[in-house]
Structure formats: structure tokens, C-alpha cells
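Peer 1: How does the following fold in three dimensions:
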Amino acid sequence: MQLRIEAHTLPGRTCGPGPDFPGVDAIEVAVQRKDRPAELLDPQPGDAAGAAWTLPCSFTPEGELRGPYVQNRLGGRFVYLSWTGVQPHQQDARMFRRAKLMLADVPPAVLAEARQRGALVGVLGLTDAKGHPRCGRVVPPTIEWTAADPTQ
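Peer 2: Sure, this is the predicted structure:
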């Protein structure tokens with residue numbers, strides 16, 4: 001089973017300062033490994049035309065997705081997209097926000113079809129209404145979930 005995340009409309013490499021936020025440069029986005037915030041899969045520049053990640057996963061006996069990139073906390077299973085960048089007066093990139101792609105909100109019929117076909121695909125834009133990197137809980141219609149055949 002595969003879980004594919006396909007992102008478009010990335011926000012750029014810079015996020016300006018705001019109240020209680022110093023701003024950040026050299027923005028990248030990546031998938032965070034389960035319970036390992038510093039372990040990021042395939043970071044993509046914030047100004048890329050698009051970004052995609054294919055994650056291995058399987059189903060629990062209860063029918064929920066699990067895998068090395070599927071988080072499991074109170075409130076359900078999800079995948080973190082972590083935003084990193086360099087803040088003023090720092091030299092190293094650090095995580096400054098995350099988007100939480102909520103798997104519990106995948107429509108049941110889509111999840112059932114994905115289980116039969118072999119892949120679940122989430123498509124989303126990564127720029128929020130303010131032009132910043134998308135963060136917080138991400139549920140439909142912000143993300144569109146579909147079933148697909150697995151890629152090689």
C-alpha cells in the first residue's frame with residue numbers, strides 16, 4: 001500500500017516577519033518520520049512548482065493506515081508536512097511550522113477503494129490564505145483524497 005502526497009502552489013522561499021514571528025528564509029517542506037521530528041523525507045524548496053512524496057504504509061486489523069510516516073496521536077492518524085527555514089541571526093534551518101494531514105477525514109468510500117487499488121493520494125495546495133506556508137489541521141476540501149493504482 002502507498003500513501004502519496006501531491007502538493008502544488010508552494011509559498012516561496014521567504015516568509016516575512018509578523019507579530020511574535022521574526023520571519024524565515026530558505027524555506028523547505030518535507031514529510032516528518034513518525035516520532036522523529038528531525039528526520040525529514042525528501043525536503044523540497046518552498047518555491048518549487050510542486051512536490052510529491054510516496055510513503056509506504058499498510059492497514060491495521062481495524063482498517064486504519066499505519067507506516068513509518070503515519071503519526072498516531074489523540075485525535076487520529078495523520079501525516080506531518082514540516083516546514084523548515086533559517087530565521088534571522090541563525091545559521092541552521094529549523095522547523096517553524098507543520099501541516100497535519102488528517103487521515104481520519106479521508107472519506108470511507110475513498111479509503112476502501114484505495115485499499116483495493118493499492119494507493120491513497122492526497123492533493124493539496126501548500127500556500128494559505130495569507131500567502132504563508134500552510135499549517136495546522138488539513139482536512140477536505142483543503143486536501144482532496146482519491147484512490148489510485150500504486151506507482152513503481
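Peer 1: does E113 sit in a helix, a strand or a coil?
Peer 2: Under the three-state scheme (DSSP: H, G, I helix; E, B strand; the rest coil), E113 adopts helix.
Peer 1: Now it: closest residue in space that isn't a chain neighbour?
Peer 2: With sequence-adjacent residues excluded and distances taken as Cβ to Cβ, 6 or more residues apart in numbering, E113 is closest to A147, at 3.7 Å. Any C-beta I mention is one placed from the backbone N, CA and C, and that applies to glycine too.
Peer 1: A26 now?
Peer 2: Using Cβ to Cβ, 6+ apart, the closest residue to A26 is V86 (4.7 Å).
Peer 1: Residues in contact with stretch 105-118: which ones?
Peer 2: Stretch 105-118 has contacts (Cβ atoms under 8 Å, 6 or more residues apart in numbering) with 1-2, 59, 63, 76, 120-121, 139-140, 145-150.
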